[in-house]
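*Asks:* What shape does this take:
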Amino acid sequence: MGTEIERKFLVNGDEWRKGQSTPFRQGYLNRDKARTVRVRIAGEQAFLTIKGVSVGAARAEFEYEIPVADAEQLLLLCDGPLIEKTRYIVPHAGMIWEVDEFHGANSGLVVAELELQSENQQFDKPAWVDLEVTEDNRYYNSSLAVHPYSAWVERKNK
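*Replies:* Numbering: from 1, shown residues only. I've put the predicted structure just below:
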């Protein structure tokens, strides 16, 4: 079984834009609380991913590369709107940060993710990393597909 240990943070500034970028389109075939099934096209590659329930920063994850043509067809079967974003790969202090700049209904949201070997692993945060949102389900891509960042009530009141 694969396990993903990932921490998520909001981002400030533009220093992270120095990284290599790839456009992403993804949708969800299943988004219930016990599991999500995602189809993703990342640049010239495509993947089918199954994720289990999050416990802290960890959850089961299984990812398989699939033909892009199959992914295009599977995206048509997804429920809810697709997530569109640009992912930047940003090395910092021996770690690889993935910074997602969202587009469309989630425009304005930028989230940095860091995959770890253990939940207790120490790491150095870059200056552009801000508030941690690992345990805030609103920042899961599967949630953003049906409750986009642009519609969050607390954002409208600011």
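
*Asks:* wait, what's in contact with the residue nearest in space to the middle of the chain?
*Replies:* Taking CA atoms, centre = their mean, the centroid of the chain lies closest to residue 141, which sits 5.4 Å from it. Shown in contact with residue 141 (CB atoms under 8 Å, 6 or more residues apart in numbering): 26, 38, 83. For glycine as for every other residue, the C-beta is placed from the backbone atoms N, C-alpha and C.

*Asks:* Helices of the chain, residue ranges please.
*Replies:* Assigned by DSSP state H, the chain shows helices spanning 68-77, 141-144, 153-156.

*Asks:* Count the neighbours of residue 129 for me.
*Replies:* A count of nearby residues for residue 129, using other CB atoms under 10 Å, gives 22.

*Asks:* Okay, it and residue 92: tell me how far apart.
*Replies:* Noted for residue 129: a distance of 9 Å to residue 92, by CB to CB, to the nearest Å.

*Asks:* low-scoring pLDDT stretches of the protein, where are they?
*Replies:* Applying pLDDT under 70 to the chain flags residues 1, 154-158.

*Asks:* again, only using 80
*Replies:* The model of the chain has pLDDT under 80 over residues 1, 54-57, 153-158.

*Asks:* For it, which segments count as strands?
*Replies:* Listed in chain order, the strands of the chain (DSSP state E) span 3-11, 20-32, 35-42, 45-52, 58-66, 79-92, 95-102, 110-115, 129-132.

*Asks:* Alright, that wraps it up for me.
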